[in-house]
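Visitor: Sequence unavailable; structure follows:
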């Protein structure tokens, strides 16, 4: 059974779990590894306008499990999910411990987009994102990066080059060995999720 302690140990070693269609969990240590450099994060002009307009209300940690379930739901081009019920329970427990977080985009009282991930010291490992309205998850990502910068985080792990749309934000791939070096440094950093708005 997947536990919060197993998740913490895994992320500190640079590995993370995914479930197959039967719910069997496997741990991954990809090469190359995808990261979003916080100091070179790029916001496209059109998206920056959307952020400035305040189309979405952004909240954090008010609907963590709902965000996970939305990320797990079938979507066009993705009929199956790697987020199992066992994973939802383990990450929700990690969230209660203050080590997993969600950034949520709301509109007219509805959760329309967001993302979640794991935060351990100076590392934030982005797990998944979803969008029910155009740009909702991207606006959540912009807010995430701003929060990480203010909180002193130094590593935003994107794991795989799974979503080509992340390339527009400056996502890069690095060798596994380089990632492990960055991770070791990040785990020495005192960062805080709870920063003033």
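Guide: Received the coordinates, thanks. For clarity, every value in this text was computed on a predicted model and none was experimentally measured. Numbers count the residues shown, from 1 in each chain.
Visitor: What ranges in the chain fall below the confidence cut-off?
Guide: Within the chain, the stretches with pLDDT under 70 are 75-80, 163, 197.
Visitor: From the contact counts, what lies against the top helix by length along the chain?
Guide: Assignment by DSSP state H gives helix 136-151 as the longest helix of the chain. With contacts taken as 3 or more C-beta pairs under 8 Å, 6 or more residues apart in numbering; DSSP states H and E, helix 136-151 sits against helix 45-53, strand 57-60, strand 100-107, strand 110-120, strand 123-131, strand 155-159. Heads up, the C-betas are built off the backbone N, CA and C, glycines and all.
Visitor: Same list, those, but as a markdown table with distance to residue 137 and mean neighbour count please.
Guide: Shown next, in a markdown table, are these (distance: least, C-beta to C-beta, whole Å; neighbours: other C-beta atoms under 10 Å):
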| stretch | distance to residue 137 | mean neighbour count |
| --- | --- | --- |
| helix 45-53 | 11 | 12 |
| strand 57-60 | 11 | 17 |
| strand 100-107 | 7 | 23 |
| strand 110-120 | 4 | 23 |
| strand 123-131 | 4 | 22 |
| strand 155-159 | 13 | 22 |
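Visitor: And the ones you listed: which comes nearest residue 21?
Guide: With C-beta to C-beta, the closest approach to residue 21 among the helices and strands packed on helix 136-151 belongs to strand 123-131: 16.3 Å.
Visitor: which residues does residue 109 contact?
Guide: Under the criterion of C-beta atoms under 8 Å, 6 or more residues apart in numbering, the contact list for residue 109 is empty.
Visitor: Residue 115 versus the residue positioned nearest the centre of the chain, what's the distance?
Guide: In the chain, the residue lying closest to the centroid (C-alpha atoms, centre = their mean) is residue 126, at 2.2 Å. Applying C-beta to C-beta, to the nearest Å, the value for residue 126 to residue 115 is 6 Å.
Visitor: hmm, back to that, pretty sure the residue nearest to the centre of the chain contacts residue 117?
Guide: Yes: with contact defined as C-beta atoms under 8 Å, residue 126 reaches residue 117; the gap is 4.3 Å.
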